[in-house]
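[1] here you go, sequence then predicted model.
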Amino acid sequence: MPIKGKDIPHKMLSLDPFSTWLGIEILECEIGRCKVGLTVKRDMLNSMGKAHGGISYSLADTAFGFAANTHGKYAVSIETSINHIEALEEGDFIVAESVIEKVKNKLGFNIIEVKRGDELIALFKGVVYRTQKDWEE
C-alpha cells in the first residue's frame with residue numbers, strides 16, 4: 001500500500017543511519033516541502049575548529065531528498081552543489097528547507113537555503129530524477 005506524502009520523509013529518516021548519526025530532525029513536512037535541522041557537534045568540526053562543509057551539505061541534501069520524495073515516487077539526486085557563505089561553530093543549530101512547487105516531469109531543480117537563525121550560511125543546488133516506483137509501507 002502506498003505511503004502518504006508527508007509520511008515518506010519520516011520513513012526515509014528511519015531507514016537512514018547517516019542522517020540519524022548526524023542528529024537530523026524533521027521540523028516541518030508536507031507534500032512538496034520539508035524543513036530539517038541539526039545541532040553542530042564537536043565531532044563535526046574540521047582541523048580549523050569550524051563545522052566541516054559536509055555537515056551543511058548533508059543537511060541540505062537530506063531536506064532536498066525528503067521534499068522530492070513527498071510526491072509519492074522514489075526520487076534520487078543526480079547532481080548537487082553548494083556554496084558555503086558563513087562558517088559554523090560547535091553548538092550552532094542550522095536549518096535547511098526544501099520547497100518543490102511544481103512536479104512536471106522526471107527532472108526537478110531546486111535551491112535550498114541553509115540558515116543559522118535568519119542568517120544565510122549556505123546555498124545548495126540540486127537536480128532530482130523522479131522514478132516510477134511508489135513508496136510503500
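    Structure received. Residues are numbered from 1 along each chain as shown.
[2] can you give me the offset of stretch 46-53 from its chain's centre?
    20 Å (Cα atoms, centre = their mean, to the nearest Å).
[3] what residues does that stretch touch?
    40, 44, 45, 82, 84, 87, 88, 89, 90, 92 (Cβ atoms under 8 Å, 6 or more residues apart in numbering). Using the backbone N, CA and C atoms, a C-beta is placed for each residue, glycine as well.
[4] swap in 7 Å and give it another go.
    The contact list for stretch 46-53, computed with Cβ atoms under 7 Å, 6 or more residues apart in numbering, reads 40, 44, 45, 84, 87, 88, 89.
[5] how about that stretch, which residues are buried there?
    50, 51, 52 (16 or more other Cβ atoms under 10 Å).
[6] buried subset of the contacts of stretch 46-53, written for PyMOL?
    Buried members of the contacts of stretch 46-53, defined by 16+ other Cβ under 10 Å, are picked up in PyMOL with:
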select buried, resi 40+44+45+84+88
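[7] out of the contacts of stretch 46-53, who's nearest residue 135?
    Comparing the contacts of stretch 46-53 against residue 135 with Cβ to Cβ places residue 44 closest, at 29.6 Å.
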